[in-house]
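In: Can you look at this prediction? I've put the sequence above it.
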Amino acid sequence: MAAKDIFHTSVKIALQKENWVITDDPLRLEVGGTKFEIDLGAKSLLAAERQGKKIGVEIKSFLGESPLTDYHVALGQFLNYRLALEISQPDRILYLAIPVRTYESFFQREFAQLSVEIPN
């Protein structure tokens, strides 16, 4: 089992405050002989627009020396987890939880925006 990210508990509490029920901590999958552990699995039971919605949340702190290196690691992991979910739990949407400062300082850059853009 991998170590939990420094912000794991904060993200979990934030999801619960938004009426998400944590179903898995971690969310374990096995696809094609490979085991995966996504930090959290959750489902919503309350809000009408989220009725029955299921999500997976991978948490990344971006505390390394290089935001670009942290980004490469997070993006690679995210893409692998997204594929695993598409195969094993296609009704679950994957999210990446990152600190606000990382979102504002790195994810708003043109390169980051282009690299995560979903093609039509």
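Out: Nice, I can see it.
In: alpha carbons only for contacts and neighbour counts from here, please
Out: Fine.
In: pLDDT at residue 46, what is it?
Out: On pLDDT, residue 46 comes in at 69.
In: for residue 117, same thing?
Out: 75.
In: Also residue 110?
Out: Looking at residue 110, its pLDDT reads 92.
In: Report how many residues lie close to residue 10.
Out: Using other Cα atoms under 10 Å, residue 10 has 11 other residues around it.
In: ah, wrong one, I meant residue 107
Out: 19.
In: just residue 22 next, same as before
Out: Other residues close to residue 22 by other Cα under 10 Å number 20.
In: wait, it sits on residue 43?
Out: Yes - if you go by Cα atoms under 8 Å, residue 22 and residue 43 touch, sitting 6.7 Å apart.
In: Return the distance of the helix or strand in which residue 95 is found from the chain's centre.
Out: For residue 95, the element it lies in under DSSP states H and E is strand 92-97. Between the centre of strand 92-97 and the centre of its chain there are 4 Å (Cα atoms, centre = their mean, to the nearest Å).
In: repeat for stretch 17-30
Out: 11 Å.
In: Check stretch 4-19 too.
Out: Distance, centroid of stretch 4-19 to centroid of chain: 12 Å (Cα atoms, centre = their mean).
In: Can you tell me which helices and strands the longest helix seen in the chain packs against?
Out: Taking DSSP state H as the assignment, the helix of the chain that covers the most residues is helix 67-88. For helix 67-88, the packing partners by 3 or more Cα pairs under 8 Å, 6 or more residues apart in numbering; DSSP states H and E come out as strand 27-31, strand 34-38, strand 92-97.
In: do you know which of those strands lies nearest residue 13?
Out: strand 92-97 (12.7 Å; Cα to Cα).
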